[in-house]
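S.K.: Make a model of this:
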Amino acid sequence: MEITLICVGRMKEKFYIDAASEYIKRLGAYCRISVKEVPEAVRGRSTAGETESALQREGAAIAAAIPRGAAVIAMCIEGRQMSSEEFAGAIEDFAGRGISKLCFIIGGSDGLHQRIKAMASLRMSMSLMTFPHHLARVMLLEQIYRAFSISNGGKYHK
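M.R.: Here you go, the predicted model:
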């Protein structure tokens with residue numbers, strides 16, 4: 001399986017970078033994984049129109065980075081929450097339908113443009129709580145690793 005993670009914004013904090021790198025390394029045993037960072041759009045005044053314009057610019061960059069033939073999974077607050085086992089099952093379901101490329105998308109501080117959400121085969125939410133999007137990246141990488149471990153009978157998931 002080929003996994004692409006598209007994220008708005010660059011991680012700068014070493015502790016997030018180190019944690020993400022560890023899960024990317026571990027995932028190498030199960031899949032090919034790549035992380036693509038798209039720039040967070042510069043925002044002017046905090047108006048609804050400016051936010052929408054920024055989301056459109058980010059959405060265009062995200063859409064251009066989605067690998068051809070990949071199923072899109074948008075991470076968004078209104079998405080479906082699931083257990084780790086259910087998440088593993090969802091990945092298995094994609095594979096069972098012959099889908100070998102998955103593309104997870106994490107937006108910036110204002111989320112994702114509706115256009116990107118509309119492209120998604122699955123909208124997923126980690127929680128009703130709000131997390132920094134860099135922490136969400138580490139959490140998602142960990143859950144993808146956990147899902148593969150569950151599916152392959154590994155000892156990581158208890």
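S.K.: what about Met126, neighbour count?
M.R.: By the criterion of other Cβ atoms under 10 Å, Met126 has 19 neighbours. Every C-beta, even on glycine, is put in place using the N, C-alpha and C of the backbone.
S.K.: same deal with Gly44?
M.R.: For Gly44, the neighbour count with other Cβ under 10 Å is 10.
S.K.: mind listing what's buried in the helix-or-strand element of the chain with minimal mean pLDDT?
M.R.: Taking mean pLDDT, DSSP states H and E as the measure, the helix or strand of the chain with the lowest value is helix 48-65, at a mean of 92. If you call a residue buried by 16 or more other Cβ atoms under 10 Å, then helix 48-65 has these buried ones: 51, 54-55, 57-59, 61-63.
S.K.: same question, stretch 103-121
M.R.: Those would be 103-108, 110-113, 116-117, 119-120, for stretch 103-121 by 16+ other Cβ under 10 Å.
S.K.: Max pairwise distance over these: which two?
M.R.: Farthest pair in the buried residues of stretch 103-121 (Cβ to Cβ) is Cys103 and Asp110. Separation: 20.2 Å.
S.K.: can you pull out the helices in the protein?
M.R.: Ranges of helices within the chain are 14-27, 48-65, 84-96, 114-119, 133-151, based on DSSP state H.
S.K.: and the longest strand seen in the chain, average pLDDT?
M.R.: Criterion DSSP state E: the longest strand present in the chain is strand 71-80. For strand 71-80, mean pLDDT rounds to 96.
S.K.: Put the alpha carbons of it into PDB.
M.R.: Extracted as PDB, the C-alpha positions of strand 71-80 are listed here (Å, rounded to 0.1, in the frame of the first residue of the first chain):
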ATOM      1  CA  ALA A  71      -8.600   7.500  -2.200                       C
ATOM      2  CA  VAL A  72      -8.800  10.700  -0.300                       C
ATOM      3  CA  ILE A  73      -9.300  10.700   3.500                       C
ATOM      4  CA  ALA A  74     -10.000  14.200   4.900                       C
ATOM      5  CA  MET A  75      -9.300  14.900   8.500                       C
ATOM      6  CA  CYS A  76     -12.000  17.200   9.700                       C
ATOM      7  CA  ILE A  77     -14.000  17.800  12.900                       C
ATOM      8  CA  GLU A  78     -17.300  16.800  11.400                       C
ATOM      9  CA  GLY A  79     -15.800  13.500  10.100                       C
ATOM     10  CA  ARG A  80     -16.500  10.100  11.400                       C
END
